[in-house]
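In: Predicted model follows, preceded by the sequence.
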Amino acid sequence: MIVNRGRLINTLAGINGVVAGGVASIKLDCNRRYHRVILQTGASGSPVSAATLLPTLQLLVNGVKMWDITPQEILNINAAIGLTQATGEMTLSFTDPTRKFIRRDTLNSWDMVGQSTFEIDAGIESGATTPTLTGIFEFDYIRNMKVPWGAAAGTPQAPFIQPFARHTYTFNLPGGISLLNTLPISSPIARIWLRGSPVAQISALEILQDNNKVLDATVSQINQAYGDYGFTLGNASGAAGYDTAFIADPNGRPWLALKCQAELVLKVTTLESIVLTAVIETLPGAYR
């Protein structure tokens with residue numbers, strides 16, 4: 001019997017609910033390991049940005065919201081990590097293409113074997129004229145396997161799950177210094193993307209993990225430091241992009257994610273009052 005281990009690309013079939021004001025639903029099989037989904041969005045016969053056509057997007061596994069962020073934030077993250085997106089194209093990365101140089105680059109792929117449901121729900125803009133939503137998905141039939149940590153020599157490998165979860169939080173901050181200590185810490189934190197409205201008003205950021213100072217610098221210093229790793233930060237042009245970020249794994253190794261036992265505090269210094277958007281990428285170790 002021949003076993004093909006390469007990645008396959010298929011067209012997304014059976015997309016329902018693509019009407020103005022509706023919710024498009026894409027149901028995917030659970031007998032595969034997923035690396036990427038690439039969506040193409042359009043209206044009136046022409047490509048349209050996913051941020052314009054799709055005001056909301058959720059990725060659900062067994063009914064649990066793994067991603068609950070807007071397409072605009074997905075496009076923002078893709079731009080920050082160096083993925084080029086044409087108008088009308090949006091990539092949902094599970095195996096991050098920018099991490100292809102590291103060993104075990106498929107660590108965060110979505111191994112869906114044994115799960116009950118995998119669904120993508122996207123809200124369609126109510127004023128859209130003849131909206132279209134198509135796409136492709138990249139997958140294989142390999143399992144995520146490893147020897148359990150601390151197991152005796154000779155222990156066989158077992159399946160594991162390590163997907164990224166993405167969620168958005170907003171805060172109203174006055175000008176000056178604000179302390180935020182309500183962000184979730186139940187899962188290791190890989191990245192926190194930060195943007196203010198108005199933009200370019202965050203001047204400094206300090207992060208304390210259980211009283212350990214893991215970041216303390218001005219925004220220009222932070223953006224330069226992460227820029228050396230290829231991240232694009234620093235926002236002076238409206239809603240797209242991020243003013244700054246905390247990136248626990250700038251060298252592309254998600255096992256470096258920040259773990260908190262008791263508390264995570266963000267000390268944010270702003271030049272004026274802003275609405276702060278924080279998009280957090282965590283590693284819950286399961287579809288939860």
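Out: Received, thanks. Just so it is clear, the structure is predicted and the values come from calculations on it, not from any experiment. Residues are numbered from 1 along each chain as shown.
In: So what's the residue count around residue 95?
Out: A total of 20 residues lie near residue 95 under the criterion other CB atoms under 10 Å. Where C-beta positions appear, they are placed from N, C-alpha and C, glycine not excepted.
In: Quick check: it is in a helix.
Out: No: using DSSP: H, G, I helix; E, B strand; the rest coil, the assignment for residue 95 is coil, not a helix.
In: In contact with it, which residues are there?
Out: 35-36, 105-106, 108-109 (CB atoms under 8 Å, 6 or more residues apart in numbering).
In: try residue 268
Out: By CB under 8 Å, 6+ apart, residue 268 lies in contact with 173, 177-180, 194, 202, 204-205, 276.
In: so can I have JSON lines of the contacts of residue 95 showing secondary structure?
Out: Formatted as JSON lines, those follow (three-state DSSP):
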{"residue": "35", "secondary structure": "strand"}
{"residue": "36", "secondary structure": "strand"}
{"residue": "105", "secondary structure": "coil"}
{"residue": "106", "secondary structure": "coil"}
{"residue": "108", "secondary structure": "coil"}
{"residue": "109", "secondary structure": "coil"}
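In: Mind picking the two most distant members of those?
Out: Maximum pairwise distance in the contacts of residue 95, criterion CB to CB, is 12.4 Å, between 36 and 105.
In: host element of the residue nearest the centre of the chain?
Out: Geometric centre of the chain, nearest residue: residue 166, 4.8 Å, by CA atoms, centre = their mean. Counting by DSSP states H and E, the element that carries residue 166 is strand 165-173.
In: same for that strand, what does it pack against?
Out: strand 64-68, helix 71-81, strand 274-282 (3 or more CB pairs under 8 Å, 6 or more residues apart in numbering; DSSP states H and E).
In: mind checking which of these is nearest residue 30?
Out: Nearest to residue 30, of all the helices and strands packed on strand 165-173, is strand 64-68, at 13.5 Å by CB to CB.
In: how many degrees apart are that closest one and strand 274-282 in direction?
Out: 130 degrees (axes from the mean of the first three to the mean of the last three CA atoms, to 10 degrees).
In: and the angle from strand 64-68 to strand 165-173?
Out: 60 degrees.
In: Any idea how many residues pack against residue 53?
Out: Around residue 53 there are 26 other residues, counting by other CB under 10 Å.
In: residues contacting it?
Out: Here residue 53 is in contact with 41-43, 71, 124-125, 128, 131, 133 (criterion: CB under 8 Å, 6+ apart).
In: Quick one, grab the pLDDT at it.
Out: Note on residue 53: pLDDT of 98.
In: Equivalent analysis for residue 193, please.
Out: Looking at residue 193, its pLDDT is 97.
In: Assumed it was part of a strand.
Out: Yes: secondary structure of residue 193 (three-state DSSP): part of a strand.
In: and it, what does it touch?
Out: Contacts of residue 193 (CB under 8 Å, 6+ apart): 73, 76-77, 80, 242, 245, 278-281.
In: Scan those residues and report the most crowded one.
Out: residue 242 (26 neighbours).
In: which residues in the stretch 1-150 of the chain form helices?
Out: 50-53, 71-81 (DSSP state H, counting those that start in this stretch).
In: Mind putting those into CSV with distance to residue 145?
Out: CSV is the format used below for the helices of the stretch 1-150 of the chain (distance: least, CB to CB, whole Å):
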stretch, distance to residue 145
helix 50-53, 34
helix 71-81, 27
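In: Out of those helices, which is closest to residue 9?
Out: helix 71-81 (18.5 Å).
In: Would you list the phi and psi of residue 219?
Out: Residue 219 adopts backbone torsions of phi -60, psi -40, taken as degrees, to the nearest 10.
In: Please look at it and residue 242 and confirm they touch.
Out: No: under the criterion of CB atoms under 8 Å, residue 219 makes no contact with residue 242, lying 10.3 Å away.
In: Who are the contact partners of the closest residue to residue 231 other than its chain neighbours?
Out: Distances taken as CB to CB, 6 or more residues apart in numbering place residue 80 nearest to residue 231, at 5.6 Å, with adjacent residues excluded. Counting by CB under 8 Å, 6+ apart, residue 80 touches 193, 231-233, 241-242, 245.
In: hey, what's residue 57 bridged with?
Out: Listed beta-bridge partners, residue 57: residue 122 (assigned using DSSP bridges).
In: Surely it and residue 74 touch.
Out: Yes: contact criterion CB under 8 Å: residue 57 and residue 74 qualify, at 7.0 Å.
In: so where do the strands sit in the stretch 151-288 of the chain?
Out: For the stretch 151-288 of the chain, applying DSSP state E, counting those that start in this stretch gives strands covering 158-159, 165-173, 176-180, 189-197, 202-209, 212-218, 244-247, 264-270, 274-282.
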